[in-house]
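A.B. asks: just coords:
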């Protein structure tokens, strides 16, 4: 009975990470659709603020929320800074590049996160896992360069791709920092305070933009996109990642990141942006890397 329950919970965890990968993938086309009408800093500030509100409504019914002390507040602020930089740079990059390319760069996250985890906590990986991470990164880079050997040789990366790569590097420190700075508190409570401090870090820059913004002339898609990003892509993905992380090995959790460019390409196809066969081949390589990571974790 215990084994059956364990298998059932692992199956649910895999389902949670499939949904996680899908939701993360939707943030790129949705962000692209609204970044031309709203400032990236303001968008990130509102995203953190609304997600904090959703988490507070959820947690306040389950347990008492206590204000953190100075040391705890510093821990939460350091973790939150990695997310703040990621989201601001992501929305800025989406003004300059495509969702497919940002989705491809995002799949570099397992490799860079693994490297940062080794530096911070000496978390090692097996040779097979390293091969899978390198293979997935190669597939992502191939997608990034539109499956063109000429662009790869010429190193044709624009400012948008560079900004998002910096953001992804910042986000790579998020998971290792949580492991290093976690002090045994409820993960949902920790997530709530990380979101709160993200909003606080952005408040000096976001509040003036919030007041100055002419909300009456904005398209309705901005409001819908903002609510979607806050509820599903922030609060929702945090919950799904937490649910899966306590039931699956870290390498298997990270592996689902490799589904991101495939989902993004499917979304683009609905908008009549069909990928080349070469790009599809690169996506196939990232999926192979995901399967290899699952088998070796």
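C.D. replies: That came through, no problem. Quick caveat: nothing in here was measured; it's all calculated off a predicted structure.
A.B. asks: could you list every helix and strand in contact with the biggest helix by length in the chain?
C.D. replies: Using DSSP state H, we find that the single longest helix of the chain is helix 2-34. Under the contact definition 3 or more Cβ pairs under 8 Å, 6 or more residues apart in numbering; DSSP states H and E, helix 2-34 sits against helix 70-93, helix 99-106, helix 220-230, helix 237-245, helix 250-255, helix 260-270. Using the backbone N, CA and C atoms, a C-beta is placed for each residue, glycine as well.
A.B. asks: now the angle between helix 70-93 and it, please.
C.D. replies: The directions of helix 2-34 and helix 70-93 differ by 50 degrees, with axes from the mean of the first three to the mean of the last three Cα atoms, to 10 degrees as the criterion.
A.B. asks: what mean pLDDT would you report for helix 2-34?
C.D. replies: Regarding helix 2-34, the rounded mean pLDDT is 84.
A.B. asks: ok so, going back, how about the helices and strands packed on helix 2-34 in a markdown table, adding mean pLDDT, mean neighbour count and distance to residue 64?
C.D. replies: Formatted as a markdown table, the helices and strands packed on helix 2-34 follow (pLDDT from 0 to 100; neighbours: other Cβ atoms under 10 Å; distance: least, Cβ to Cβ, whole Å):
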| stretch | mean pLDDT | mean neighbour count | distance to residue 64 |
| --- | --- | --- | --- |
| helix 70-93 | 91 | 20 | 15 |
| helix 99-106 | 84 | 27 | 36 |
| helix 220-230 | 89 | 17 | 24 |
| helix 237-245 | 78 | 20 | 20 |
| helix 250-255 | 73 | 22 | 30 |
| helix 260-270 | 80 | 20 | 37 |
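A.B. asks: so which of the ones you listed is nearest residue 135?
C.D. replies: Checking those against residue 135 by Cβ to Cβ gives helix 250-255 as the closest, at 11.6 Å.
A.B. asks: let me have the helices and strands packed on helix 2-34 in a markdown table, adding distance to residue 129 as columns.
C.D. replies: Below are these laid out as a markdown table (distance: least, Cβ to Cβ, whole Å):
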| stretch | distance to residue 129 |
| --- | --- |
| helix 70-93 | 23 |
| helix 99-106 | 19 |
| helix 220-230 | 32 |
| helix 237-245 | 17 |
| helix 250-255 | 6 |
| helix 260-270 | 19 |
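A.B. asks: quick one: which of these is nearest residue 160?
C.D. replies: Shortest distance between residue 160 and these, using Cβ to Cβ, is found for helix 70-93: 4.4 Å.
A.B. asks: tell me which residues are up against the closest one.
C.D. replies: Contacts of helix 70-93 with the rest of the structure, by Cβ atoms under 8 Å, 6 or more residues apart in numbering, involve 27, 31, 35, 40-41, 43-44, 47-48, 68, 102, 160-161, 163-164, 166-168, 170-174, 177-178, 181, 183, 190, 193-198, 200-202.
A.B. asks: buried members of those into ChimeraX, please.
C.D. replies: Selecting just the buried residues from those in ChimeraX takes one command, with 16 or more other Cβ atoms under 10 Å as the test:
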select :27,31,35,40,41,43,44,47,48,68,102,160,161,163,164,167,168,170,171,172,173,174,177,178,190,193,194,195,196,197,198,200,201,202
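A.B. asks: give me the subset of the contacts of helix 70-93 lying in helices.
C.D. replies: The members of the contacts of helix 70-93 that map onto helices under DSSP H are 27, 31, 40-41, 43-44, 47-48, 102, 160-161, 163-164, 166-168, 170-172, 174, 177-178, 181, 190, 193-198, 200-202.
A.B. asks: which residues does the spatially closest residue to residue 209 that is not a sequence neighbour contact?
C.D. replies: In space, residue 209 comes closest to residue 42 once its chain neighbours are excluded; the distance is 4.1 Å by Cβ to Cβ, 6 or more residues apart in numbering. If you count contacts by Cβ under 8 Å, 6+ apart, residue 42 has them with 206, 209-210, 213.
A.B. asks: try it again at 10 Å.
C.D. replies: With contacts defined as Cβ atoms under 10 Å, 6 or more residues apart in numbering, the neighbours of residue 42 are 88, 91, 202, 205-210, 212-213, 226.
A.B. asks: measure it to residue 176 for me?
C.D. replies: Between residue 42 and residue 176 the distance, using Cβ to Cβ, to the nearest Å, works out to 29 Å.
A.B. asks: do the same with residue 95
C.D. replies: 29 Å.
A.B. asks: between those two, which one's more packed in?
C.D. replies: Of the pair residue 95 and residue 176, residue 176 is the one with more neighbours under other Cβ atoms under 10 Å, namely 21 against 14.
A.B. asks: related to what we said a few turns ago, relative to helix 220-230, how tilted is the longest helix of the chain?
C.D. replies: 150 degrees.
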